[in-house]
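*Asks:* Need a 3D model of the sequence below.
(one chain, ligands or ions: 1)
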Amino acid sequence: MIEVKNLVKEFKVGSNVFKAVNDVSFTVNQGEIFGIIGLSGAGKSTLVRCLNRLEEPTSGTIKIDGKIITSLNQKELLEERKDIGMIFQSFNLFDQKTVYKNIAYPLELLKMPKDKIEDRVNELLEFVDLMDKKNSYPAEISGGQKQRVAIARAIATEPKLLLSDEGTSALDPANTKQILELLKKVVKELNMTIVMITHQMEVAKDICDRIAVMENGKIIEENTVEELFRNPRHKRTLSFIENLKESDDEFLWNPEDFKGKLIRITYDDNTSKEPILSDIVKKFDSSINLIQGKINKVTDKSIGYMIVEVIGDYQELGRILDYLEEKNIKAEVL
Ligand SMILES: Nc1ncnc2c1ncn2[C@@H]1O[C@H](COP(=O)(O)OP(=O)(O)OP(=O)(O)O)[C@@H](O)[C@H]1O
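*Replies:* Numbering: from 1, shown residues only. This is a model prediction of the structure:
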């Protein structure tokens, strides 16, 4: 669906040139929710705004649904933008227009007949569950409702791609959840593809199929959500994941304080259903103490870890680690 190759966006800052996006390449498949996560200033907004050329890329190519976006002239670009919807952190609604008029706006631009516009807006109001707010003004509705209006407006012309620039960042957790559910519905029922940027891993893990981690203008790691959680390769990725576990005190454990050895076992949807601990107790001459465990629900899968104390001799510990490796279960001695 999307193919980005060697994308660069430079800004002139005084006499210097600053690369906000620095040689970025990635692909997004049709029907996927692709997340780009990074700290403030990582280059996420610039990257996503390059996709519909709200920012003009300095070099590189962007292909969306077979069209080379980076080669289009202004007229072709305006035409193509009808296929790319966008939502923003600040909703960007017209304050002087009602909810109905906000959603109708892109259809009016297309010069759609009035009765057709009315049918379509009513359909969209049903879809985002806001029929009762049809005649309200943005100032009269909540943040979550504003974003639902913005989503209805963004998908009004039936684009193939929806870009979300921190679409849930201004919302409280309950409204965030509602908007994420709505975005999932957009993909499932309307067969759309979503590229979303966020600085919140709790948002990305709930909704994305794949995540790219961005830092200093570069994509430093990219993977499926499950694999990213199971096996984060970069320190920044790890810190995003660790921030999710704020309530965890995993790292307060000092392995030196234990008689045996502490092992951290990471498990996924398949292995979490296996009786790993009882297997080890049965097969090996060691005692096992469960110290701590946690399961993160990542999209519809369970990814988790447990920390166990193994009391036995070194050779037996080695055999246990070999056994876990054989079963494809990631284990490390702390
Ligand atoms: N028009 C511009 N002129 C100069 N520098 C810019 C411009 N736009 C963005 N930048 C710089 O590019 C870098 C990336 O900005 P960008 O907004 O893409 O980051 P971000 O990851 O989206 O962060 P945030 O979440 O804070 O928006 C920042 O250092 C920013 O200051």
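*Asks:* Quickly note the distance from the residue lying closest to residue 82 once chain neighbours are set aside to residue 104.
*Replies:* The shortest distance from residue 82 to any non-neighbouring residue, by Cβ to Cβ, 6 or more residues apart in numbering, is to residue 157 (5.2 Å). (C-beta placed from N, C-alpha, C; glycine too.) In this structure, residue 157 and residue 104 are 11 Å apart, going by Cβ to Cβ, to the nearest Å.
*Asks:* Neighbour count for those two, which is higher?
*Replies:* Ranked by neighbour count (other Cβ atoms under 10 Å), residue 157 and residue 104 place residue 104 first, with 22 against 17.
*Asks:* Under a three-state scheme, what state does the more buried one occupy?
*Replies:* Per DSSP: H, G, I helix; E, B strand; the rest coil, the local secondary structure of residue 104 is helix.
*Asks:* still on that earlier bit, would you agree the residue nearest to residue 82 falls within a helix?
*Replies:* No. Under three-state DSSP, residue 157 falls outside any helix and is assigned coil.
*Asks:* From the ligand, how far off is it?
*Replies:* According to Cβ to the nearest ligand atom, to the nearest Å, residue 157 and the ligand sit 26 Å apart.
*Asks:* same check, this time on residue 186
*Replies:* Distance from residue 186 to the ligand, by Cβ to the nearest ligand atom: 22 Å.
*Asks:* In the lengthiest helix in the chain, which residues are buried?
*Replies:* Longest helix of the chain, by residue count under DSSP state H: helix 173-190. Across helix 173-190, burial judged by 16 or more other Cβ atoms under 10 Å covers 175-180, 182-183, 186-187.
*Asks:* For my notes, please list the residues you listed in JSON lines and give pLDDT for each entry.
*Replies:* Putting those into JSON lines (pLDDT from 0 to 100) gives the following:
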{"residue": "175", "pLDDT": "85"}
{"residue": "176", "pLDDT": "87"}
{"residue": "177", "pLDDT": "88"}
{"residue": "178", "pLDDT": "89"}
{"residue": "179", "pLDDT": "92"}
{"residue": "180", "pLDDT": "92"}
{"residue": "182", "pLDDT": "93"}
{"residue": "183", "pLDDT": "94"}
{"residue": "186", "pLDDT": "92"}
{"residue": "187", "pLDDT": "93"}
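*Asks:* Looking at those residues, which one is closest to residue 113?
*Replies:* When the buried residues of helix 173-190 are compared for distance to residue 113 (Cβ to Cβ), residue 186 wins out at 25.3 Å.
*Asks:* show me the contacts for the spatially closest residue to the closest one that is not a sequence neighbour.
*Replies:* Once flanking residues are discounted, residue 186 sits nearest to residue 192: 5.3 Å by Cβ to Cβ, 6+ apart. With contact set as Cβ atoms under 8 Å, 6 or more residues apart in numbering, residue 192 has these partners: 31, 155, 159-162, 186.
*Asks:* How many neighbouring residues does the residue in the stretch 51-200 of the chain positioned nearest to the ligand have?
*Replies:* When scored by Cβ to the nearest ligand atom, the stretch 51-200 of the chain has residue 199 as its residue closest to the ligand, at 5.8 Å. Neighbour count of residue 199, defined by other Cβ under 10 Å: 16.
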